[in-house]
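Visitor: below are the sequence and a predicted model for it; my questions follow.
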4 protein chains.
Amino acid sequence: MPVSAEQRSEIDQIRSETKPTRRVTVPALEEILYEPLPVLDHGFVRVIDYMGDDNAVVQAARVSYGKGTKKMSEDAGLIRYLMRHWHSTPFEMCEIKFHVKLPIFVARQWIRHRTANVNEYSARYSIMDKEFYLPQRDQMAVQSTQNRQGRGQTLNDQESARVMELLKNDSEQVYEHYQEMLNEDEKGNVIDAGREGFARELARMNLTLNYYTQWYWKVDLNNLMHFLRLRADDHAQYEIRVYAEVMLDVLQRWCPHTFGAFKEYRMGGANISTTGIGIVRRMLAGEKVQQSDSGLSKREWNELMDDLGLEKLKA
Amino acid sequence: MPVSAEQRSEIDQIRSETKPTRRVTVPALEEILYEPLPVLDHGFVRVIDYMGDDNAVVQAARVSYGKGTKKMSEDAGLIRYLMRHWHSTPFEMCEIKFHVKLPIFVARQWIRHRTANVNEYSARYSIMDKEFYLPQRDQMAVQSTQNRQGRGQTLNDQESARVMELLKNDSEQVYEHYQEMLNEDEKGNVIDAGREGFARELARMNLTLNYYTQWYWKVDLNNLMHFLRLRADDHAQYEIRVYAEVMLDVLQRWCPHTFGAFKEYRMGGANISTTGIGIVRRMLAGEKVQQSDSGLSKREWNELMDDLGLEKLKA
Amino acid sequence: MPVSAEQRSEIDQIRSETKPTRRVTVPALEEILYEPLPVLDHGFVRVIDYMGDDNAVVQAARVSYGKGTKKMSEDAGLIRYLMRHWHSTPFEMCEIKFHVKLPIFVARQWIRHRTANVNEYSARYSIMDKEFYLPQRDQMAVQSTQNRQGRGQTLNDQESARVMELLKNDSEQVYEHYQEMLNEDEKGNVIDAGREGFARELARMNLTLNYYTQWYWKVDLNNLMHFLRLRADDHAQYEIRVYAEVMLDVLQRWCPHTFGAFKEYRMGGANISTTGIGIVRRMLAGEKVQQSDSGLSKREWNELMDDLGLEKLKA
Amino acid sequence: MPVSAEQRSEIDQIRSETKPTRRVTVPALEEILYEPLPVLDHGFVRVIDYMGDDNAVVQAARVSYGKGTKKMSEDAGLIRYLMRHWHSTPFEMCEIKFHVKLPIFVARQWIRHRTANVNEYSARYSIMDKEFYLPQRDQMAVQSTQNRQGRGQTLNDQESARVMELLKNDSEQVYEHYQEMLNEDEKGNVIDAGREGFARELARMNLTLNYYTQWYWKVDLNNLMHFLRLRADDHAQYEIRVYAEVMLDVLQRWCPHTFGAFKEYRMGGANISTTGIGIVRRMLAGEKVQQSDSGLSKREWNELMDDLGLEKLKA
C-alpha cells in the first residue's frame, strides 16, 4: 500500500475542506485532488495543486481582460491550431503540481527534464523508508536483441525466480545494514545507545537504486506534454511509462481540449522525413516502391511502413 | 484611465463569481484578483491567477502528505532559514500569473528575465491602441553625470516643456501615419475603401518605443523575488521600478512570511565583500580605517560607508 | 554598409591572428569567423566563437574518453538516429556565439526564444546610431486576407511610395528630436553647451521600432535548431526569416552531418496528425477520400494535400 | 586509478594534437585540457572544451566589434563592477564542458543544478563498471547533532571498521549479483550460454548509490559560479565539495580576473541581513549589543558574530 494510515488520514483531512475562490476551477480535477493514484508496487502520483484550464490557454493566446473565451467550438479550434503550429507559449500559462513516489532509478530518468520545479525528500536530513521496487512477474524480461536499450520477452520461470530472489535479498540486506550503520530505526530512534551512528548523508549510499524516493514536482502544461510525449512513448522504460500514463489521465481531466489536440498532433500521427514524404507521394501516385530503391535504411523503411499501415511491405 | 468601460465590465463580471475549491486559497490576494492596479499614465498590473501560499513553501520543503504545516512560528522560522541559506527550490513551488500593460521600452528590459512565461499582444495580428507613455514633470530628468546609466536632477522648466512637446508630437504623428499606412482605424475598420492597407507586421515598425503593449506574465515565487530584487532596486530605471513596487505589495498580500524574509535577507541588508568585511572587523576592533589604506576603490569605499551608516567617512 | 571603416579594421585585425589549440576546430567555420554576413539594409550576423562540431555530438552521446568517433558513416548514422528520435541532449554539447545587428521589432520576436544568452547594446548607457530599417520595394506588402498574421501581395506603386515616404520621414524626424533632447550628437559630443541634455534612458523612447540594435547571442546547437525550425519557416515574418537563413548556412559549415539530419527530419518532411495518417492509409489502400468525409477541417485538409503533393484534391 | 590504460592512451593521443584557430585561447587551460584531474577514490574532472575567457566577458558587456578590450586594469575593473552589481549576462558568454566521473549519490545532488547540459552514461544501454566509492578513514563520520543535515566528528576505530566492512561487502555483492542477472561480464561477454540475461535497464537497479557513473556536463561561466558558490561551500557535502574545489582551480586557470572577483564578492565576504546591518551600525557607533537585545535568534546572532570576527561575543 503506497500510503500509511497516518498519511491517509492527513490526506482525508485536507480533502474534506473547500473554500471559495475567484480563480478558474476544474471540478473533474478537484475530484481527485490530493488522492494518491497508485503506480508500481509502492509508488503513486498525487495532484497537489493546479493553475488554469483549457480556457486559460485561450485567454492568454488572446491576452484578454475577462475570461477571454468565445464559443466552445471556437476555443477548441484555437487550441488545435496552437498545438498544430507549435505555438507553445499559451500552454505555458497553466501549471500543475504533483507529489510523486517513485524508485530512485526512475527518478534519475525523470529529473533529466529540467524545465520543472522539484523538491525531493532529503536522505541527508531524513531516514529513508524501507520500500523498494520489485518488478511483477510479467515485467521480468531479457535484454532486447533488437534494441540495445530495452527489454525483450519475459524470462523463463527459473531465471525469473532466481533474479527475483537476488533482487529481494539484496534489497533487504542493504537496508538492514543501512539501519545498522545509522544505529537508528525507521522512526529515527536510536537502536543501541552504546554505539555511534554513521552520518545519514553517507549511510544512504548503501541503498540500491530500486529504493523509493519522493518529491514535489511542478511543471507547466507545455512542458508536461513534452514529458508525456517522450515518457508515455513505447520507447520509454516501462517503469517510467506507467507514471506517464497515470498523468495522461490527469491531463484529460484537467484540460480535455488540450488533451484531445495533444493526442491528435503529438502522441498519435507520424513525423515523416523529407525522404519519407517523397516515398508516400510516389506511392500515392501509384508507383511501387521498395526499400532498396527508397533511399531509406532498412530500419527507417520499416518504421515508415508501420506508420503507413503497410506492415506487409516491411523489409 | 488604463482600462476601457468594456474591459471594466468584463473584469467586474469575472470578479463577481466564486466557486468552491479544495486548493490553498489566499483571501487577501483574492480580494484584488483581476483588478487593474494602475502604474504610470496608462499601465497596470493585474493578478490573474496564483498557486500556493507561504504554507506551500513549507509543505514542499518537508515533502508532506497533508498541509505540512506546524506551528505558525516554526513555519515562519523555516521560511527565514530557507531564504537565508539560498534554498530556493521550495519557493519555486508557488506560481503567480499577471496581466501587465507597459511601455515597449519597459517590456524590453522586463523580458530579459527569461525564467518566466509570456504571451504578448501581437502587433502582427492586431492593431495597436493609441496609448503612449509621457513622463510626469518630476521625472523629466537630465543624464546623470555620476552614473552613465541613469538620470540626474530634473530638467529646467523650459527644457522640460520642449522635450515634452517633442515626445508628444512625435507620438501623435507616428500613430497617425501608422493608421494611414494600415488604412484601418483602431477598431480595424477600413478607412478608405479605395486604398490598399499596408501589412500590420510592417506598419507597426513606425511606432515609437513609448507605445504601450501588454502581456500575460507567469512566474514562480523564487524567480519573482529575483526580478523584484533587481527591479525594485534604486539602480533600476524608474519606469520599471514602479511596476516592481506594485508587485511587492502583491507579494506581501500573497505570502506575507516570505515577503518578510525577502525584505530581511534580500532587499535590505548588505552584501559585503571579502575586503569589506576585513575593514568592518578592523573598525570593530577600534582601528581607524581610511579609504587610502582600505584596499577599496573610492567608489567601493563609499558604497561600504553607506552600508555601515558612516556617511561622514565617505571619500 | 553594415559596419564602419573603423569597425572593419577592428575585424580585420582580429581575423588576422591564429593561435594553436588542442580543442576541436572547424576550418570551414574559421574561414568566416568574425566576418559580418549582411542581412537586410544595415544588419548582419557575425560568428564570434563556437564550441564543438559534429564529432562532439557523437562524443557526448557515447560519453567517450578520446575523440569518441568511429567510422564516418557510423557517426553520421548516429546523428541521424539521435535527430529522428528526439534525443536532444547530445546536440546541446555544441555552442555558438553570434554578434547580430537587427531592427528592434525583429529583436522583440527573437528574444522570445529564452534558452539562449544575450547581451544587448544599452540605450540607457549609450547613444543609438542613426540606422533604421526600410523594406525593399518587393517587401512592401498588403495585409494578408488569408492569414491574419502575415502579408499578402505587394502594394501598388503609389501606395508603396507613400508608405515609404512616411516611414522614412518619421524615422528621420524622431532621430533628429532624439538628438535634440539628448543635446548630444552620435559621438556623444554636446551640441549646445547652454542647454541641458535629457537622460538617455528616457530619450530613447522617442525612437521607432525599425531602429537597429545589436547584441551578442549565444546558444547551443539544439536550441539553435529549434530557433531555425520556427524562424526559417514560411510562417515567420520575412524580416526575421532572412536572419535565420543566413544562420542555416552557418550551421551547414559548422556541423554538416547535423545540418543534413536537421533538413531531413525537422525542416523538410511532414508532421501528420492521427486523423491525417488514417487518411493516408485509406488512400494507400486505394480508397478515394474527400475533405467532406475526412474528419478534417478544410484548412487542415488542404495542408495535408500540400504535404502529400495532391494539390489537385484541395478543397 | 580513475582511468584505464586504454583510456589513458586515448587521452594522450587527443592531447598530442594542436590546430590553429582564430578563436580566443587560454594557454593555462589548454595545458590541462582532456587531463583527468583525480577526485575521491575513482572519480575525476576533465575539461573537454571551453569558449571564451575574461576578455570575452568584457567584449560582450561592451557589445564590441573586435576584441573589445582596453587596458588590463580597466577590464579587470569592469569585471569586478559586473560581479559586484549582479550583472550576470556577460558571464554567460563563456562556456565550459567537463567530463566527470562521480558516485551516483553525488550525481543526484549535482543534477539539481538545471541550467547546464548533461549527457550521462546509460545503464539501460551499457554495463556499469565495477567501481564504487568508499570514504577514506577521516571521512567516516557520525551524524551531526548541530546540523540535522551534515556530519560530525569521525567514528571511533571499531565503528569505522564495521561500517567500512558493510559498505565494501554490500558493494561487492550487489555487483556480483548484477553480473549474474545480466549473465554478462564487464566487457559484455556472455557468461553462461545456457542462461537468459536479465535486461540491463532492470538489472541496474540492484546497484548501490555509491557506484560511479559519468557524464559530460556543459555550463556557462555564470551558472558555473552559481554551482561553485553552493557546492564549494562548507555546508555542502564533502563528496561534492571536492569536485567543486577542483573546478575552482580550473576556473582560476581559465578566467583569472573573474575568479578574483568571484572570491571577493561571492565566495568570501558576508551577506548581512537588514537586522544584522543595524546591529553592525550600533556597534560601530560604540554601543554594546548582546544577542538578547539584537532581534536575532541565537543561531543568526552567532553566524553574524562569526562574520564579524567577534567569536567571543557568541551566545
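Guide: Nice, I can see it.

Visitor: buried residues, the host helix or strand of A:His257. List them.
Guide: For A:His257, the element it lies in under DSSP states H and E is helix A:256-262. Buried residues in helix A:256-262, counted by 16 or more other CB atoms under 10 Å in any protein chain shown: A:256-262. Yep, even glycine has a C-beta here, placed from its N, CA and C like the rest.

Visitor: can you put those residues in JSON lines and add pLDDT?
Guide: Output for the buried residues of helix A:256-262, formatted as JSON lines (pLDDT from 0 to 100):
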{"residue": "A:Pro256", "pLDDT": "97"}
{"residue": "A:His257", "pLDDT": "97"}
{"residue": "A:Thr258", "pLDDT": "98"}
{"residue": "A:Phe259", "pLDDT": "98"}
{"residue": "A:Gly260", "pLDDT": "97"}
{"residue": "A:Ala261", "pLDDT": "97"}
{"residue": "A:Phe262", "pLDDT": "97"}
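
Visitor: any idea which element the residue nearest the centre of chain A lies in?
Guide: Nearest to the mean C-alpha position of chain A, by CA atoms, centre = their mean, lies A:Ala244 at 2.9 Å. Using DSSP H and E, A:Ala244 sits in helix A:238-254.

Visitor: try A:Lys218
Guide: strand A:212-220.

Visitor: low-confidence stretches in the stretch 201-315 of chain A?
Guide: Applying pLDDT under 70 to the stretch 201-315 of chain A flags no residue at all.

Visitor: which single residue of it ends up nearest chain B?
Guide: Of all residues in the stretch 201-315 of chain A, the one sitting closest to chain B is A:Tyr216 (4.5 Å; CB to the nearest CB).

Visitor: which bits of the stretch 151-300 of chain A sit near chain C?
Guide: A:230, A:235, A:263-265, A:267-277, A:280-281, A:283-285, A:297, A:300 (CB under 8 Å from any CB of the partner chain).

Visitor: give the contact list for A:Phe259.
Guide: A:248, A:251-252 (CB atoms under 8 Å, 6 or more residues apart in numbering or on different chains).

Visitor: after the lengthiest helix in chain A comes which helix or strand?
Guide: In chain A, taking DSSP state H as the definition, the longest helix is helix A:157-182. Downstream of helix A:157-182, the first helix or strand assigned by DSSP H and E is helix A:200-203.

Visitor: ok, back up a step: quick one, the longest helix of chain A and helix D:157-182 angle?
Guide: Angle, helix A:157-182 to helix D:157-182, by axes from the mean of the first three to the mean of the last three CA atoms, to 10 degrees: 160 degrees.

Visitor: distance of A:Gln291 from chain D?
Guide: Remark: distance between A:Gln291 and chain D (CB to the nearest CB, to the nearest Å) = 26 Å.

Visitor: try A:Glu180
Guide: 7 Å.

Visitor: swap in A:Asp185?
Guide: According to CB to the nearest CB, A:Asp185 stands 14 Å off from chain D.

Visitor: okay, helices next: where are they in chain A?
Guide: A:5-15, A:27-30, A:54-62, A:72-84, A:104-110, A:157-182, A:200-203, A:221-231, A:238-254, A:256-262, A:274-284, A:298-308.

Visitor: as a quick check, tell me the outermost residue of chain A.
Guide: Farthest-from-centroid check, chain A (CA atoms, centre = their mean): A:Gly194, 45.2 Å.

Visitor: how about the contacts of A:Phe259 in a markdown table, adding distance to chain B and neighbour count?
Guide: Shown next, in a markdown table, are these (distance: CB to the nearest CB, whole Å; neighbours: other CB atoms under 10 Å in any protein chain shown):
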| residue | distance to chain B | neighbour count |
| --- | --- | --- |
| A:Leu248 | 21 | 18 |
| A:Leu251 | 17 | 22 |
| A:Gln252 | 19 | 16 |
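
Visitor: quick one: which of those is nearest chain D?
Guide: Checking the contacts of A:Phe259 against chain D by CB to the nearest CB gives A:Leu248 as the nearest, at 21.6 Å.

Visitor: does A:Leu167 touch A:Leu134 like I think?
Guide: Yes - in this structure A:Leu167 lies within contact range of A:Leu134 using CB atoms under 8 Å: 5.8 Å.

Visitor: look at these two and report which has more neighbours.
Guide: Using other CB atoms under 10 Å in any protein chain shown, the more surrounded residue of A:Leu167 and A:Leu134 is A:Leu167, with 25 against 17.

Visitor: quick check: pLDDT value at that one.
Guide: Per-residue pLDDT puts A:Leu167 at 98.

Visitor: coming back round to it: got the contact list for the helix holding A:Ala244?
Guide: Outside of helix A:238-254, the residues that reach it under the criterion CB under 8 Å, 6+ apart are A:26, A:28-29, A:31-32, A:37, A:39-40, A:43, A:45, A:47, A:50, A:53, A:94, A:96, A:98, A:100, A:102-103, A:105-106, A:109-110, A:133, A:135, A:139, A:151, A:224-225, A:227-228, A:231-233, A:236, A:258-259, A:262.

Visitor: make it 6 Å
Guide: Helix A:238-254 is contacted by residues A:26, A:28-29, A:37, A:39, A:45, A:47, A:106, A:109, A:139, A:228, A:231-232, A:259 when judged by CB atoms under 6 Å, 6 or more residues apart in numbering or on different chains.

Visitor: up against chain D, what does the stretch 201-315 of chain A have?
Guide: A:201, A:205-210, A:237 (CB under 6 Å from any CB of the partner chain).

Visitor: ok, A:Asn55 touching A:Lys70?
Guide: No - the criterion here is CB atoms under 6 Å, and A:Asn55 misses it with A:Lys70 at 10.2 Å.

Visitor: these two: who's more crowded?
Guide: A:Asn55 (20 against 13).

Visitor: any idea of the pLDDT on that one?
Guide: At A:Asn55, the pLDDT value in this model is 95.

Visitor: ok, it to A:Ala61 distance?
Guide: Going from A:Asn55 to A:Ala61 by CB to CB, to the nearest Å gives 11 Å.

Visitor: please apply the same query to A:Ser273.
Guide: In terms of CB to CB, A:Ser273 sits 30 Å off from A:Ala61.

Visitor: does chain D sit close to stretch A:93-107?
Guide: Yes - Stretch A:93-107 reaches chain D (CB under 6 Å from any CB) through A:Phe105.

Visitor: now that stretch: how far from the chain's centre is it?
Guide: Relative to the centre of its chain, stretch A:93-107 is centred 7 Å away, using CA atoms, centre = their mean, to the nearest Å.

Visitor: return the set of buried residues in that stretch.
Guide: For stretch A:93-107, by 16+ other CB under 10 Å, it's A:93-107.

Visitor: again with stretch A:237-257
Guide: Within stretch A:237-257, the residues that count as buried by 16+ other CB under 10 Å are A:237-244, A:246-248, A:250-257.

Visitor: and stretch A:140-148, by the same measure?
Guide: Within stretch A:140-148, the residues scored as buried using 16+ other CB under 10 Å are A:140-143.

Visitor: these in strands, which ones?
Guide: Mapping those onto strands (DSSP state E) picks out A:141-143.

Visitor: could these be laid out in CSV, adding pLDDT and distance to chain D?
Guide: Output for these, formatted as CSV (pLDDT from 0 to 100; distance: CB to the nearest CB, whole Å):
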residue, pLDDT, distance to chain D
A:Ala141, 93, 5
A:Val142, 92, 5
A:Gln143, 90, 5
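
Visitor: which of those residues sits closest to C:His85?
Guide: Nearest to C:His85 out of these is A:Gln143 (CB to CB; 19.3 Å).

Visitor: how many neighbouring residues does the closest residue to A:Arg266 other than its chain neighbours have?
Guide: Nearest residue to A:Arg266, sequence neighbours excluded (CB to CB, 6 or more residues apart in numbering or on different chains): A:Arg229, at 5.2 Å. By other CB under 10 Å, the residues close to A:Arg229 number 15.
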